[in-house]
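>>> Let me see the structure of the following:
(2 chains)
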Amino acid sequence: MSAAAIHLFPVRHHSPRAAACLRALLDQVRPRLLLIEGPSDANALIPVLTDAQTEPPVAILAYRTEGEPQSAMWPFARYSPEFQALLWAHENGAEARFIDWPAGVALAVDASRADDEDDDEDDEDDDDDGAGEADQSDSADQPTTQEHYQQLAEQFGLRHFDEFWDAWFETPQYQPEGFAAALTAYAEWTAGSGGRDQSSAQRDLYMAARIEAALGEGYAPNEVVAVLGAAHVAALLGAELPTQPPPPAALSCALAVVPYSYPRLSEASGYGAGNRAPWYYERVYQGELDFARATLVVLLEFAASMRLRGFAVSLADVIEAYRLSLSLAAMRDKSAPGVDELAEAAQATLARGEAAPIREFLQPLLIGKRIGKLGAAAGKNSLQREFAEGLAEFGLPSADEAETLTLRLTDSKHAAASLFLHRLRVSDVPYASYAGSQSVVSRGPDSDDEAGGYAALNRSREHWELQWTPATEVALAERVIYGERFDQVCQRRLSEAIGGASHAADATRLLIDAVLTDCSGAIASALDAAERLSSLDDDVASLAQAARTLAALTSFGSSRPLLKQVGNTVERLLVGTYTRAILRLEAALGGDAEATQPARAAMLVINELALSQALCDRQRWIQALAEIAADQSLEASASGVACALLYLSRELSEEQLRELLAGRLGDVLNPSRAADFLAGFFEVNALVLLKNREIVAALSDFLSALEPEHFRDALPALRRAFALLGASERRFLTEHLVALHAAAAPAAGAAVISAADSAALADLGDALGDALDDLDDLL
Amino acid sequence: MSELRLPAELKYAAEIAALAAVDDAAKPPQWKLSPKAVLTYVMGSDKPVNGVSISAKYIGDPALVQVAIATLASDRALMLAGEPGTAKSWLSEHLSAAISGDSLLTVQGTAGTSEEHLKYGWNYALLLAEGPSEKALVPSPILRAMRAGQIARVEEITRTSPEVQDALISILSEKQIAIPELNDTVSAQRGFSIIATANTRDRGVNEMSAALKRRFNFVTVPVVESLEQEITIVQQREAQLRSDYQVGVAPPEELTRMLVTVFKELRAGATLDGKTKLRSPSGVLSTAEAISVLFNSGILAQSFGSGTTGGAELARSMSGALAKESADDLKILREYVETATKGRSGAWKAFQQGVKQLG
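Got it, this is the predicted structure:
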């Protein structure tokens, strides 16, 4: 007896029409056994799915229990035919079974596919934090690519596949048999135009075998209904299934039912992966497939939400929008309006032609915010429990919507919440993202204010952005590989990262993370790694970073008990790293201005340490700076930085500075080097430097002494140097210039301001204006 | 034919007749064609209809035209909104030509448009001689459209004064115009509707009231996004202009592509590959403007040039189009040519030369 003898019902995985037709068919056939596409090792979870307390959207999650973290999900909405099939069986005392290959095989196929191809599509799957919707539909019912679907829709004069689906399968009033026949015909037709990939064909065979095994148990063919993706039905009804190589060996994995969300369901695209308007489709399903009515309800809600936002929209507009959606459907030969007609009609009427209200207010209405719920029947792993307890203890939100939270770390409860969130962050559970520590949340973190950066220890305030997504749940399930509790997970992940660190800066950053997450074991190994790497590291930028982080630990770590014991080590390490950074600096200052950029940034960091840290040898740094400032063989902008730093720390008298500048800027034969020097010089603190008239005088002399052809050569570098100046710096520069020239003589002014008459020059205001013009030309 | 420009219903009479001949779908009252046939007329058809090939009048999203047609079949009026030069008036002319066979019932909105232009005026000689009578009445295009159940067009509605816009509200809601002098009221026949166009750059000139907006369904005609689509439009419309005016020479395809690229890049303020940022001129760089620049270059080439349109002619006509709003725009064009088009070959070379010589 073959699989084709039973009732095969084809579905799209999230389709209200398919779900309704399926229920009608089940009421008619009243089968004793229901076979459903879904991992066959998830049968134990069926009672959880049909539990009265379970509210879709929920998903079956399979995650690996060994090796690389990886997972796959099989989501169900209320209007998913598979979910309705399970419910029907539960309500009518029939047996339900999943018959697709086990989740471990699906994971193995996904893993080998990710290895084989590095193309973009696969990357998208992996990006989802391992939660990629690499579900059954992905591999099963997409024998063809997105472009194939697009072509298909265009053949029917429609814009995209979703519109095609709505027009041909969702909105027409099908009887169950008619729907099954139409969808199977469609699947056969697409099978003819695209190839069937190997894993789909292997699953055809696997499911056929399971159906035959069920028949072997003594069920009569007409007592069995199988609910499968349309392409599988077409294959089972077709000619004999071609033999296939055996599927890969199953990876060891565990399964659980987890909550899912409508925003997430709407993100996935493709034949079965998701759909674009889950809440709309749910309403369609609840409203007995009356699309026109669901459209009207959404239009009313949209009008209400626009009114709330202060738009003047009336009931007459809603009526017109509804009428327009119906006439658009008629003009397009559709039996009822769908999402496209709804959106277009709403835009022409309620939104007065604007696209923004549709995007901002209507789309969220169509998608909905619903998050699934699970009853007590669903077991939780220890991390999921710890997470739920943490949310409850600290009163944190669990909605699929971003929310901002501010913690004041002086409060012990807030400090505990911060520890919890940092542990989630280090465990790589997507829930909380650090949003800075500034007084105003909206400013966000500074560029170097990372969640685990050097500044983390002296914060008094932390902003976090919190959002629960199904990916959170997936990560919680997956991370169990690393440990039973979050501190263990952090410990494991930090240790792995420390083992892979190749720079001193990485090791010290991980050290901060270990402190923030209170992982004593990781602190020790991070210190070891930092010590080892800082004596090998040749990268000045990394060394400077590491020294800064260590300095932060010595200054602010004393309050952390874990650090007290290792305080001496940190101090020793700081001195060593600081010294090494200075020693390695000179070697990093070859090449052009661009190549020395990281080293110049490191100079500023080291300078800050030298001036603020008692442990760091200030004299040594000053000496190094003096050498760099004087050395003509080094890259000129670095010398400029050194010169400015020396002056600012009062290690250079005005006279010395003037001499140095004159020497550097007097290099008229090589003006681009002089200009580079100038750029470096301004990089540090242009405002303080330009307040000094002596410096401006030296600059002015240099520029007026340049030969035209040299000036031309130097111009790009000069432009770059002066472009760094802000408005107030330019003002100081101009004032000094005017004062200098006015003081000298009218003749001197005339040299600068060509063709200006002497009467005007007498007037200082005019001279200022001209000088400004001059400066503008230069800039 | 010596008319410079025929109204759409005459110019495309053969297409409309062919569509009508095979059109057996239900028509709204007074419509010459069914909604689907109107759509085919506007969007064109790959296959000839009744032996006549239907040209595409609007190149872009058919969904927008469907919304427009579905609106005209209801009691709402249609508002076509969009940037200047996005073919709003063009679309409005073709819709009224296909639906009521008359695209000339048009009121042009200006600051000087008065209520008389919307309702009715008088032949004052007759009025003085005979007193108010039907003969002395001068009906507005809207009044004539109401009587005949046709579509009237109001162009550039945002240019008209608030008083005139208010008068339109009562026409649209009552679908009646009272003529107290004759003790008479004209009620609109079925099939009457209004297509208005509004320029979104005029926003704030005479902002439409909420009451007026409520009488309309809005269709925003977008700026053409795709390069290929815009090239097709420019080519097609320029060829039409050339045959209407019987002057100019056909430009090589490469030149059209270059022109549209220049317009697109300047409009977007960045090169097509997004690598170079540019300054955008203050003047309007619409598709319509591109069409006229290309047409002009053809005339320049024919009359004063070598007979084939090249980059030099293009540069000269473009300076005329750009320098409208401010002389600074010419500087922007020169900068653009110097920075963004460096290294481009073919027609670009002559164009670069041409722009440099603009002085």
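>>> hmm, who's touching the helix or strand encompassing A:S535?
With elements taken from DSSP states H and E, the one containing A:S535 is helix A:520-536. Counting by Cβ atoms under 8 Å, 6 or more residues apart in numbering or on different chains, the neighbours of helix A:520-536 from elsewhere in the structure are A:490-491, A:494-495, A:498-499, A:501-504, A:506-508, A:510-511, A:513-515, A:543, A:546, A:550, A:562-563, A:566, A:569-570, A:573, A:576-577, A:580. To be clear about C-beta, it is placed using only N, CA and C from the backbone, and glycine gets the same treatment.
>>> Look up how far A:A185 lies from A:H232.
15 Å (Cβ to Cβ, to the nearest Å).
>>> Of the two, which one has the most company?
Using other Cβ atoms under 10 Å in any protein chain shown as the criterion, A:H232 and A:A185 rank with A:H232 on top: 28 against 13.
>>> which residues sit in contact with the closest residue to chain B within the stretch 651-779 of chain A?
With Cβ to the nearest Cβ, the shortest gap between the stretch 651-779 of chain A and chain B falls at A:P716, namely 14.9 Å. In this structure, A:P716 makes contact with A:672, A:675, judged by Cβ under 8 Å, 6+ apart.
>>> what about 7 Å?
By Cβ atoms under 7 Å, 6 or more residues apart in numbering or on different chains, no residues touch A:P716.
>>> from the contacts of helix A:520-536, which would you call buried?
By the neighbour-count criterion of 16 or more other Cβ atoms under 10 Å in any protein chain shown, the contacts of helix A:520-536 include these buried positions: A:490-491, A:494-495, A:498, A:501, A:503-504, A:506-508, A:510-511, A:513-515, A:543, A:546, A:550, A:563, A:566, A:569-570, A:573, A:576-577, A:580.
>>> Pass me the low-pLDDT residue ranges in the stretch 601-750 of chain A, would you?
Screening the stretch 601-750 of chain A residue by residue with the criterion pLDDT under 70, one finds the ranges A:666-669, A:671, A:743-750.
>>> and B:T220, what is it in contact with?
Applying Cβ under 7 Å, 6+ apart as the definition, the contact partners of B:T220 turn out to be A:353, B:81-82.
>>> So, low pLDDT: which residues of the chain?
No chain was given, so I picked chain A. Going by pLDDT under 70, which is the cut-off in play, chain A has low-confidence ranges at A:1-2, A:116-146, A:192-195, A:268-274, A:377, A:439-448, A:557-565, A:666-669, A:671, A:743-779.
>>> wrong chain, I was asking about chain B
Within chain B, the set of residues satisfying pLDDT under 70 comprises B:1, B:202-206, B:324-325, B:359.
>>> let's go with 80 and repeat that
Along chain B, the model assigns pLDDT under 80 to residues B:1-4, B:85, B:201-207, B:273-276, B:282-284, B:305-307, B:320-328, B:342-343, B:346-347, B:357-359.
>>> how near is the residue nearest to B:A211 when sequence neighbours are not counted to chain A?
In space, not counting the residues next to it along the chain, B:A211 is nearest to B:I169; the distance is 5.5 Å by Cβ to Cβ, 6 or more residues apart in numbering or on different chains. Here the criterion is Cβ to the nearest Cβ, to the nearest Å. By it, B:I169 lies 14 Å from chain A.
>>> which SSE is B:I169 in?
In this structure, B:I169 sits in helix B:162-174 according to DSSP H and E.
>>> How about A:G218?
Assignment of secondary structure by DSSP H and E places A:G218 within no helix or strand.
>>> Run a quick neighbour tally on it.
By the other Cβ under 10 Å criterion, the neighbourhood of A:G218 contains 7 residues.
>>> Is the residue of the stretch 51-200 of chain B found nearest chain A in a helix, a strand, or coil?
Across the stretch 51-200 of chain B, the shortest distance to chain A (Cβ to the nearest Cβ) belongs to B:A70, at 4.1 Å. When the structure is split into helix, strand and coil by DSSP: H, G, I helix; E, B strand; the rest coil, B:A70 lands in helix.
>>> any idea which element the closest residue to chain A within the stretch 101-250 of chain B lies in?
Per Cβ to the nearest Cβ, B:F218 is where the stretch 101-250 of chain B lies closest to chain A, at 2.8 Å. Counting by DSSP H and E, the secondary-structure element that holds B:F218 is strand B:216-221.
>>> export that strand as CSV, just CAs?
Listed in CSV are the C-alpha atoms of strand B:216-221, where the atom choice follows Å, rounded to 0.1, in the frame of the first residue of the first chain:
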residue,chain,number,x,y,z
PHE,B,216,-10.3,63.9,-2.4
ASN,B,217,-8.5,60.6,-2.6
PHE,B,218,-4.8,61.2,-2.9
VAL,B,219,-2.4,59.5,-5.3
THR,B,220,1.2,60.5,-4.9
VAL,B,221,3.0,60.3,-8.3
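>>> ok and that strand relative to helix B:162-174, angle-wise?
Inter-element angle recorded for strand B:216-221 and helix B:162-174: 110 degrees (by axes from the mean of the first three to the mean of the last three Cα atoms, to 10 degrees).
>>> strands paired with strand B:216-221, and their directions?
The sheet places strand B:216-221 alongside strand B:77-82 (parallel), with pairing taken from DSSP bridges.
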